[in-house]
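> With the input below, show me the fold.
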Amino acid sequence: MTGELEALQEMTPFAVEYRYESLDQYEDAPLDRERALGLLSDLEAWIQEQIQLGQ
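Numbering: from 1, shown residues only. Have a look, this model is predicted:
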């Protein structure tokens, strides 16, 4: 995975808390949804590239 996509690891605490509890404790550092969407789009492109290289 590229260095840029390693930033996705920052979202792990949000995923766990969102699934099991509230995000209230993250009010100081709210989830930047626009950045998250960009990272996920980049991840999808990287995955597609890996699939194409595997064929």
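> where's E6 relative to R33, distance?
19 Å (C-beta to C-beta, to the nearest Å). Every residue, glycine included, has its C-beta placed from N, CA and C.
> count of neighbours near L43?
For L43, the tally of surrounding residues (other C-beta atoms under 10 Å) stands at 15.
> ok, it touching L5?
Yes. With contact defined as C-beta atoms under 8 Å, L43 reaches L5; the gap is 5.5 Å.
> What's the local residue count around A36?
The burial count for A36: 15, using other C-beta under 10 Å.
> dump the residue contacts of the residue lying closest to it once chain neighbours are set aside.
Using C-beta to C-beta, 6 or more residues apart in numbering and skipping residues adjacent in sequence, the residue nearest A36 is M11, 6.1 Å away. By C-beta atoms under 8 Å, 6 or more residues apart in numbering, the contact set of M11 is 31, 36, 39.
> how close does G38 get to G54?
25 Å.
> between these two, which one's more packed in?
Just comparing G38 and G54: by other C-beta under 10 Å the higher neighbour count belongs to G38, 13 against 6.
> Distance of G38 relative to L8?
11 Å.
> If you could redo that for L53, that was the one I meant.
Computed as C-beta to C-beta, the L53 to L8 distance reads 20 Å.
> and the two? which has more neighbours close in?
L8 (15 against 7).
> so that one makes contact with L39?
Yes. Taking contacts as C-beta under 8 Å, L8 lies within contact range of L39: 5.3 Å.
> Show me what counts as buried in the helix ranked longest in the chain.
Across the chain, the longest stretch assigned as helix under DSSP state H is helix 33-54. Across helix 33-54, burial judged by 16 or more other C-beta atoms under 10 Å covers 39, 42.
> Can you spell out which helices and strands pack onto that helix?
Helices and strands in packing contact with helix 33-54 are not found; criterion 3 or more C-beta pairs under 8 Å, 6 or more residues apart in numbering; DSSP states H and E.
> Quick check: mean pLDDT of it?
Taken as a whole, helix 33-54 carries a mean pLDDT of 90.
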